[in-house]
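> Here you go, sequence then predicted model.
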There are 2 protein chains.
Amino acid sequence: MNFQQLRSVRETVRQGFNLTLVADALHTSQPGVSRQIKELEEELGAELFVRAGRRFLGLTPTGEQALPLIERLLQDAENLRRVAADYAAADRGLLTVAATHTQARYALPGAVRDFRDSHPGVSLHLQQGSPRQIAELVISGAADLGIATEALAEYPELVTLPCYRWSHVVVVPRGHALADGQALTLERLAQFPLVTYEPGYTGRRHIDEAFAKAGLEVDVVLAAMDADVIKTYVELGIGVGIIASVAFDEQRDDHLVALDARHLFALNTTRVALKRGSFQRSYVHAFIQTFAPTLTPALIERALAAPAGTLIEP
Amino acid sequence: MNFQQLRSVRETVRQGFNLTLVADALHTSQPGVSRQIKELEEELGAELFVRAGRRFLGLTPTGEQALPLIERLLQDAENLRRVAADYAAADRGLLTVAATHTQARYALPGAVRDFRDSHPGVSLHLQQGSPRQIAELVISGAADLGIATEALAEYPELVTLPCYRWSHVVVVPRGHALADGQALTLERLAQFPLVTYEPGYTGRRHIDEAFAKAGLEVDVVLAAMDADVIKTYVELGIGVGIIASVAFDEQRDDHLVALDARHLFALNTTRVALKRGSFQRSYVHAFIQTFAPTLTPALIERALAAPAGTLIEP
DNA sequence: TATCCTTACGGAATTCGTAAGCATG
DNA sequence: CATGCTTACGAATTCCGTAAGGATA
């Protein structure tokens, strides 16, 4: 039994049981992968994969039970490397953060600046994507941590912890009818065409839920993945914008007016996600605590070690 | 990184940092072990062992943190083999039970007979030893499970579960002064020379505690590791015996009289011990449930997966 | 017939044990 | 000077990629 065999098995599942893709992903030859799997199965004395002739179709019951062990073996091998790397040079390395546009653009800059000052030896990579892409990046190990408001908590492979809560604001051009000082209600809002986030992004779910609960039909004339795009179209008069409050900047956005909307839409919680069972290097802890001071290393380590389903929060 | 390197590290710790002993234990050459460790340290970029010149003295902080990961890696490799073996031939294999003499002689025979009938393909090895030896056998992997009344719960590497409770009896030759029908008390007992178990065996702790609590000095003229020896000397008139109630057989021991002593000494709990984090083959679960029907596979698996310190009992 | 896995083969790299060397209590 | 780890070296094994083969949708 060796790690290359285990990697081949894990990657075969990840790549949907296509050994050719596995070989590409592992930067090796396809017959090599074929051999790795065959030799592991021979050593174990049991087949891990269901085959139809020469095609791989899925996992056998043995494979189903073996896969979590294989995942943990490879995770622990990675953890071991991290432990050593952390002792060898605690303040040098690579930190890959996966975040949504909103986080990367509005929430992270402060933490990134502070972290770069305190950890000049760590090179920081910022990956952007949808919440689900972020989750996959963290699960696959391509990113050390993910930050998003949606979806992350749905993945049992991830440990998520709350960073901060925020609400939406409504943005309109100066002089817009909604900016008349009267109370903002869902009913009034629903009378205008709206410009807001794509479904699955940045609290869009809470927006839809609020209107649905009030029995209101709304006209979303334009949906975008980030607040910059939304604000641009609001400035053009296309409709009324609904964006995260952090995404509004009094000075930069002085053509617009922001109207508090926390009484209209449920509060959102932005969460950080780490791969369950992973060991995190000290600078990863440092970064998270810079971003969300309540998330101490001890708390995070406890959450990482807990089995799926356990609730550990500050 | 490969498993042989990890095995070398684990064994080096187990063998007290003597590579020559490690080589023997792993059935390889001493320079081989030396190389495995060196290459792993080179790959990790950190030293795991503290050296004084050419001698190994102990673990570095890196090594201290790495060791639990290495242990779990090797355990999971073993677990993977067991999963596969169980699917390949669930009813064939080797079951090694480590137990004290008392358990092996008086408690286990029924379970062993039933298990042999139901699992003819499993060859059963019975290892005997002191509770601490039993614990070490299970921790090292030389035994699948351990059964004893003492000490097992002290090892964080083990998961222990209660099998049954029992009390002591006092045994005397027929016609002995204590067999006069009057109530048995610690005070009366303390007037006679005693023959009982060695310290650390079969509830001896509760015997000592009872006398100590009553402020009584006792004269243990002979201590033995098993009830057969004790009974033999009681028959010879050397003293009054205190043994586990299961160890008294009305018919076989008809030269002796057993006097109930459950009001004198605290109840004892015999426990089964498994290595924490291990996967157990189905016949191991079958054996345990034959011995202690309350210990279901689901319960045991939950206990095995729990971190040290968690209490999971029926 | 294109896709996908297995088998065959040969060179390269790795592995491992023996023998010799060296430091230390 | 005996113990215990490292280094050196050569043989054996293992590993891996290329090329060819066979099954299936």
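Thanks, I have it. Numbers count the residues shown, from 1 in each chain, chains lettered A, B, ... in the order given.

> C-alpha from now on. contacts and neighbour counts both.
Will do.

> near chain B, which residues of the stretch 51-200 of chain A show up?
Within reach of chain B by Cα under 8 Å from any Cα of the partner chain, the stretch 51-200 of chain A has these residues: A:62, A:65-66, A:69-70, A:72-73, A:76-77, A:79-81, A:83-85, A:87-88.

> Are any of those residues buried, and if so which?
For these, a neighbour count by 16 or more other Cα atoms under 10 Å in any protein chain shown gives the buried set as A:62, A:65-66, A:69-70, A:72-73, A:76-77, A:79-81, A:83-85, A:87.

> contact partners of stretch A:286-302?
Applying Cα atoms under 8 Å, 6 or more residues apart in numbering or on different chains, the contact partners of stretch A:286-302 are A:108, A:110-112, A:114-115, A:161, A:163-164, A:279, A:285, A:312-314.

> taking those one by one, which sit in strands?
Taking DSSP state E as the definition of strands, the contacts of stretch A:286-302 contribute A:161, A:163, A:164.

> burial of residue A:63, as a residue count?
24 (other Cα atoms under 10 Å in any protein chain shown).

> which helices and strands sit right next to the helix or strand hosting it?
Using DSSP states H and E, residue A:63 maps to helix A:61-88. Here helix A:61-88 touches helix A:3-14, helix B:30-44, helix B:61-88, going by 3 or more Cα pairs under 8 Å, 6 or more residues apart in numbering or on different chains; DSSP states H and E.

> Which element, helix or strand, includes residue A:293?
Following DSSP H and E, there is no helix or strand that holds residue A:293.

> what does chain A have sitting close to DNA strand D?
Listed as neighbours of DNA strand D in chain A under the rule Cα under 7 Å from any atom of the strand: A:27, A:28, A:29, A:30, A:31, A:32, A:52, A:53, A:54, A:55.

> for chain A, what spans make up the helices?
A:3-14, A:19-25, A:30-44, A:61-88, A:101-102, A:108-118, A:131-140, A:186-190, A:204-213, A:227-235, A:282-291, A:297-305 (DSSP state H).

> near DNA strand C, which residues of the stretch 101-250 of chain A?
Within the stretch 101-250 of chain A, no position is adjacent to DNA strand C by Cα under 7 Å from any atom of the strand.

> Right, and DNA strand C sits closest to which residue of the stretch 101-250 of chain A?
residue A:140 (20.7 Å; Cα to the nearest atom of the strand).

> number of nearby residues for that residue?
Neighbour tally, residue A:140, other Cα under 10 Å: 12.

> now do residue A:28
12.

> Mind pulling up the pLDDT for it?
In this model, residue A:28 is scored at 94, pLDDT.

> now swap in residue A:1 and tell me
pLDDT, residue A:1: 95.

> Verify the contact between it and residue A:43 for me.
Yes - using Cα atoms under 8 Å, residue A:1 makes contact with residue A:43 at a distance of 7.2 Å.

> Tell me where the model's unsure across chain A.
Regions of chain A meeting the criterion pLDDT under 70 are absent.

> how about a cut-off of 90?
A:52-54, A:102, A:150, A:181, A:198-203, A:222, A:225-226, A:250, A:306-314 (pLDDT under 90).

> Can you tell me which residue sits nearest the middle of it?
For chain A, the residue nearest the mean C-alpha position is residue A:134 (3.4 Å; Cα atoms, centre = their mean).

> how about that residue, what does it touch?
Neighbouring residues of residue A:134 by Cα under 8 Å, 6+ apart: A:98, A:99, A:100, A:128, A:146, A:147, A:148.

> Just to check, the fourth one is in contact with residue A:103?
Meaning residue A:128. No - Residue A:128 lies out of contact with residue A:103 (Cα under 8 Å); the separation is 9.3 Å.

> Overlap in contacts, these two.
Common neighbours of residue A:128 and residue A:103 (Cα under 8 Å, 6+ apart) do not exist.
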